[in-house]
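[1] I'll drop the sequence and a predicted model, then ask my questions.
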Amino acid sequence: MVRVRGRSRRRISIAALTCYKPGHRSRLIYRPRRDDGNRDGHKSFSWRDYRDLLIAAHRQLGGPIVLVWDNLNVHKAVGLREWAAAQDWLTIYYLPPYAPDLNPVEGIWSLLRRGWLSNVAFSTPEHLVQTIRRGLRHIQYRSHLIDGCLTETGLTISP
């Protein structure tokens, strides 16, 4: 007999940036967010959460950012667009609709699903978050994996 714990409506959301600069090591910057039901009613990242991630990335990378984003509705939120327009260090381009094959971050999720998250029965939300962090940290310190995610898209970085 296998005992299964009760269902949970809690979710784990992750926002991530793959960062590429010619002549430099590729980077992965990410933020997991667990919906514990006690927050502002949002189950996933709000535009303010993405703004905060971009500010942290700007500080961490120490230079201007050219962001290539998918068409997730929150990426096009009015508040985020207004904030981004006021930043001289940020330029945003959007991928065509329905083009996940052009998004290197999709490769990160694939690595995570096929590796650290496969064949695991998570006992608690904390166990899931811990495993996600461990997997992302592993990817984060192996720039060749991040480079491979860009290579899979067929896109290149030009100075």
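    Here it is on my side, so go on. Numbers count the residues shown, from 1 in each chain.
[2] strands of the chain, residue ranges please.
    Per DSSP state E, the chain has strands spanning 12-19, 27-34, 65-69, 90-94. These are given in chain order.
[3] contacting residues for Leu80?
    Trp47, Tyr50, Arg51, Val74 (C-beta atoms under 8 Å, 6 or more residues apart in numbering). Yep, even glycine has a C-beta here, placed from its N, CA and C like the rest.
[4] before we move on, back to that, okay if I get the strands of the chain as CSV plus mean neighbour count, distance to Glu82 and mean pLDDT?
    CSV is the format used below for the strands of the chain (neighbours: other C-beta atoms under 10 Å; distance: least, C-beta to C-beta, whole Å; pLDDT from 0 to 100):
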stretch, mean neighbour count, distance to Glu82, mean pLDDT
strand 12-19, 19, 19, 90
strand 27-34, 17, 22, 89
strand 65-69, 16, 15, 93
strand 90-94, 14, 12, 95
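[5] and those strands as a markdown table, adding distance to Trp116?
    As requested, the strands of the chain are arranged in a markdown table below (distance: least, C-beta to C-beta, whole Å):
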| stretch | distance to Trp116 |
| --- | --- |
| strand 12-19 | 12 |
| strand 27-34 | 13 |
| strand 65-69 | 25 |
| strand 90-94 | 30 |
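[6] of these, which is nearest Cys149?
    Across the strands of the chain, Cys149 has its closest neighbour in strand 12-19 (6.1 Å, C-beta to C-beta).
[7] and the end-to-end length of stretch 107-121?
    Its first and final residues considered, stretch 107-121 spans 23 Å by C-alpha to C-alpha, to the nearest Å.
[8] excluding its own residues, what touches it? List them.
    Defining contact as C-beta under 8 Å, 6+ apart, one finds that stretch 107-121 is touched by 16, 18, 28, 131-132, 134-136, 138-139, 145-146, 148-150, 152-153.
[9] how close does Leu67 get to Tyr50?
    Taking C-beta to C-beta, to the nearest Å as the measure, Leu67 and Tyr50 are separated by 10 Å.
[10] low pLDDT regions in the protein?
    Low-confidence segments of the chain, defined by pLDDT under 70, span residues 1-10, 35-43, 159.
[11] if you set the cut-off to 90 instead, what comes out?
    1-14, 22-23, 32-45, 71-72, 96-100, 116-129, 155-159 (pLDDT under 90).
[12] can you show me the helices along it?
    Secondary structure of the chain by DSSP state H: the helices cover 47-61, 78-85, 104-114, 125-140, 143-153.
[13] thanks a lot, catch you later.
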